[in-house]
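J.: everything below, folded, please.
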Amino acid sequence: MKKIVIIPAYNESECILNTVEDIRNNAADFDFVVINDQSSDDTGEICRENNIPVINLPINLGIGGAVQTGYLYAFRNGYDVAVQFDGDGQHPASYLNSMYDALIENKADIVVGSRFIDSKGFQSTALRRFGIRYFTLLIKMITGKTVLDPTSGFRMVNRDTMKTFAYDYPRDFPEPETAVTVLKMGKRLIEMPVEMRVRQAGKSSIHLFKSVYYMIKVSLAIILEGSRRYDDR
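T.: Now for the predicted structure:
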């Protein structure tokens with residue numbers, strides 16, 4: 001089966017080489033592509049100089065647009081499995097093969113790498129953990145399913161889900177909303193324990209004000225997504 005790692009990257013010049021090297025060393029049977037989301041640093045140049053496959057977006061699309069670009073690329077190029085993988089070094093590539101095994105053995109549509117099953121490694125900040133628990137509860141109320149790490153960006157999908165995401169994907173903060181999407185569509189979502197790292201360099205773009213915006217916007221998006229009829233898709 002053809003497998004690809006989608007690496008959305010915005011100003012990840014300090015991390016991108018280590019991220020790619022991790023994949024090369026620990027998941028050699030996965031292809032990979034960097035989606036350079038109009039970085040203002042030299043992320044794109046570093047990829048070009050080091051022969052790293054890269055798609056340079058002409059404008060900044062945000063995380064959702066960058067990831068959707070990766071899914072569309074994967075689908076159009078005949079990949080069977082795609083995995084979203086942060087460019088900042090938080091996601092260890094050593095889990096990719098076990099995630100693939102879990103996808104196949106459980107006949108799952110999506111496998112989410114969860115920080116909170118074994119509660120090991122970097123657990124995020126207290127404020128974000130509160131938000132994650134809130135989204136877990138909201139998703140449970142809407143779908144009847146428990147997703148312990150609904151904001152995890154470490155996710156592997158099969159080709160059918162790849163097609164869904166290639167043509168319909170939220171622009172901002174997409175992970176909780178798309179968890180609702182796949183569950184309401186009757187797809188099989190499973191979580192497996194992973195141990196994530198602190199980002200290797202740089203800083204998150206989500207500050208306090210943006211966190212409040214995030215909570216409100218994603219809550220409304222989840223509620224709206226939960227009310228959609230699935231013959232609309």
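
J.: buried residues in the strand or helix carrying Phe130?
T.: Secondary structure assigned from DSSP states H and E places Phe130 in helix 126-143. Across helix 126-143, burial judged by 16 or more other Cβ atoms under 10 Å covers Gly131, Ile132, Phe135, Thr136, Leu138, Ile139, Ile142, Thr143. Just so you know, the C-beta spots here come from the backbone N, C-alpha and C atoms, and that holds for glycine as well.

J.: ditto for stretch 190-200
T.: Ile190, Glu191, Met192, Pro193, Val194, Met196, Arg199.

J.: contacting residues around the residue nearest to Phe75 when sequence neighbours are not counted?
T.: Using Cβ to Cβ, 6 or more residues apart in numbering and skipping the chain neighbours, the partner closest in space to Phe75 is Ala166 (4.4 Å). Residues near Ala166 by Cβ atoms under 8 Å, 6 or more residues apart in numbering: Gln68, Tyr71, Leu72, Ala74, Phe75, Arg76.

J.: re earlier: can you put the buried residues of helix 126-143 in TSV and add distance to Glu175 and pLDDT?
T.: Output for the buried residues of helix 126-143, formatted as TSV (distance: Cβ to Cβ, whole Å; pLDDT from 0 to 100):
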residue	distance to Glu175	pLDDT
Gly131	12	86
Ile132	10	90
Phe135	9	94
Thr136	12	95
Leu138	13	95
Ile139	11	96
Ile142	15	94
Thr143	14	94
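
J.: reformat these as JSON lines; add distance to Gly113.
T.: Listed next are these as JSON lines, based on distance: Cβ to Cβ, whole Å:
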{"residue": "Gly131", "distance to Gly113": "18"}
{"residue": "Ile132", "distance to Gly113": "14"}
{"residue": "Phe135", "distance to Gly113": "16"}
{"residue": "Thr136", "distance to Gly113": "15"}
{"residue": "Leu138", "distance to Gly113": "21"}
{"residue": "Ile139", "distance to Gly113": "17"}
{"residue": "Ile142", "distance to Gly113": "22"}
{"residue": "Thr143", "distance to Gly113": "20"}
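
J.: tell me which helix or strand of the protein sits lowest on mean pLDDT?
T.: helix 208-226 (a mean of 81; mean pLDDT, DSSP states H and E).

J.: and that helix, what does it pack onto?
T.: Judged by 3 or more Cβ pairs under 8 Å, 6 or more residues apart in numbering; DSSP states H and E, the packing partners of helix 208-226 are helix 126-143, helix 174-184.

J.: tell me what the first one is packed against?
T.: Other helices and strands packing on helix 126-143, by 3+ Cβ pairs under 8 Å, 6+ apart, are helix 174-184, helix 208-226.

J.: point out the most buried one among those helices.
T.: helix 174-184 (a mean of 24; mean count of other Cβ atoms under 10 Å).

J.: contact partners for the most centrally placed residue in the chain?
T.: Central residue of the chain (Cα atoms, centre = their mean): Gly153, 3.0 Å from the mean position. By Cβ under 8 Å, 6+ apart, the contact set of Gly153 is Ile63, Gln84, Phe85, Asp86, His91, Glu175.
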